[in-house]
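> Build me a model:
(one chain, ligands or ions: 1)
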Amino acid sequence: MTIRTISDELKEKYGRKVLKLSLSSGCTCPNRDGTLGWGGCSFCSEGGSGDFASSFAPLSEQIREAKKRVDHKFPADMPEEDRKYIAYFQSFTNTYGDPERLRKLYLEAVCRPEIAVLSVGTRPDCLGGDMVRMLSGLNRIKPVWVELGLQTVHEKTAERVGRGYPLAAFADAYQRLKEAGLTVVVHVILGLPGETEEDMLDTVRYLARLQPVLDGIKLQNLYVLSGTRLAAEFQEDPFPIMTMEEYTDLVVKCLKELPEGVVIHRMTGDAPKRLLIEPLWSADKKRVMNLLNAKIRHFTK
Ligand code: SF4
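Numbers count the residues shown, from 1 in each chain. Reported below is the predicted structural model:
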């Protein structure tokens with residue numbers, strides 16, 4: 001089993017560390033504004049599943065502020081012109097809005113010399129032909145990654161968490177994005193209520209069989225965050241939460257299902273600590289990553 005992480009990929013391609021700037025496109029989500037639902041997916045926090053993003057402001061201002069949050073990760077003597085970033089629009093549904101406004105915003109991002117990649121998080125049911133064409137046009141200027149929040153292939157779980165679209169919508173959007181030449185990264189949540197380990201592995205197996213082959217995957221454990229519907233559900237009728245041992249074992253099993261070439265963008269999440277109810281072990285990301293890396297080393301020997 002060979003694991004290729006996104007930092008390996010970026011270092012190889014750009015010869016250096018490339019940092020993410022969490023930015024806001026000012027979009028909401030059809031699952032939050034009443035079009036499909038009001039409360040959002042049951043696990044989604046008020047920040048729209050991206051709690052580190054800037055608040056909406058002119059792009060140059062957001063970029064300036066986001067750089068201040070991450071620049072300490074570059075060597076202190078690295079000249080500014082050598083610093084490269086991913087313009088990362090993660091929170092909410094970043095293709096849900098006026099196409100012309102979004103085109104201008106994303107064009108401004110990709111035209112900036114320090115931006116190496118544009119990453120747009122969205123839902124598969126918000127990717128009409130005009131949006132895919134717009135993203136494909138930007139992809140000719142700089143690489144564009146489209147991040148799809150699938151979470152699970154199981155309709156029963158999707159209904160329980162209120163995701164608001166069927167698997168068929170994902171399959172359709174995936175094909176159209178790949179035909180348009182875009183890089184597709186899929187989010188999966190491990191530990192959704194009611195799912196067994198086999199159910200979670202089935203989601204990863206489905207992604208492993210996709211043609212064309214999936215570009216990247218983000219695996220993360222379910223968080224119960226304060227203020228979400230999931231928190232109310234959990235407090236009323238607690239469902240099992242994986243231990244760190246169980247979670248890290250499961251991630252290794254998921255990695256073993258994936259074909260070579262799928263880039264691993266994430267193996268554990270970064271929940272906002274002030275909102276985190278469970279699992280509390282996930283707040284210590286360094287410890288989780290150390291354990292995961294030890295298990296991965298053991299399996300790749
Ligand atoms: S689709 Fe994304 S932004 Fe919308 S409610 Fe669900 S998790 Fe939140």
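> in the stretch 201-301 of the chain, what residue is nearest the ligand?
Here the stretch 201-301 of the chain gets closest to the ligand at one residue, Thr228, 9.6 Å apart by Cβ to the nearest ligand atom. Heads up, the C-betas are built off the backbone N, CA and C, glycines and all.
> Give me the distance between that residue and Pro272.
Between Thr228 and Pro272 the distance, using Cβ to Cβ, to the nearest Å, works out to 11 Å.
> Which neighbours do these two have in common?
Common contacts of Thr228 and Pro272, defined by Cβ atoms under 8 Å, 6 or more residues apart in numbering, comprise Ser45.
> And the two? Which one has more around it.
Thr228 (21 against 15; other Cβ atoms under 10 Å).
> Would you agree the more buried one is in contact with Arg32?
No. In this structure, Thr228 is not within contact of Arg32 by Cβ atoms under 8 Å, at 11.9 Å.
> my guess is Arg229 contacts Gly39, does it?
Yes. The pair Arg229 and Gly39 passes the contact test of Cβ under 8 Å, sitting 5.4 Å apart.
> Now the common contact residues for these two.
Taking Cβ under 8 Å, 6+ apart as the criterion, Arg229 and Gly39 both touch Gly162.
> and those two? which has more neighbours close in?
Arg229 (15 against 12).
> Contact partners for the more buried one?
If you count contacts by Cβ under 8 Å, 6+ apart, Arg229 has them with Gly39, Gly40, Ser42, Gly162.
> Please name the nearest non-neighbouring residue to Arg163.
Using Cβ to Cβ, 6 or more residues apart in numbering and skipping residues adjacent in sequence, the residue nearest Arg163 is Cys41, 5.5 Å away.
> This structure: helices as residue ranges?
Under the criterion DSSP state H, the chain carries helices at the ranges 6-14, 59-70, 99-111, 129-139, 155-161, 167-179, 197-208, 229-236, 244-257, 285-300.
> Save these as CSV, and put in distance to Thr93 and mean pLDDT too.
Output for the helices of the chain, formatted as CSV (distance: least, Cβ to Cβ, whole Å; pLDDT from 0 to 100):
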stretch, distance to Thr93, mean pLDDT
helix 6-14, 22, 94
helix 59-70, 18, 96
helix 99-111, 11, 97
helix 129-139, 11, 98
helix 155-161, 16, 97
helix 167-179, 12, 98
helix 197-208, 20, 98
helix 229-236, 18, 96
helix 244-257, 25, 97
helix 285-300, 26, 92
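> per-residue pLDDT, Phe56?
The pLDDT attached to Phe56 in the predicted structure is 81.
> Apologies, that question was intended for Leu258.
Turning to Leu258, the model gives it a pLDDT of 97.
> And Gly47, by the same measure?
According to the model's per-residue confidence, Gly47 sits at a pLDDT of 74.
> From the ligand, how far off is the closest residue in space to it that isn't next to it in sequence?
Leaving aside its sequence neighbours, Gly47 sits nearest to Ser91 (Cβ to Cβ, 6+ apart; 5.8 Å). Distance, Ser91 to the ligand, by Cβ to the nearest ligand atom, to the nearest Å: 7 Å.
> and Ser91, how many residues sit next to it?
Around Ser91 sit 27 other residues, with neighbours defined as other Cβ under 10 Å.
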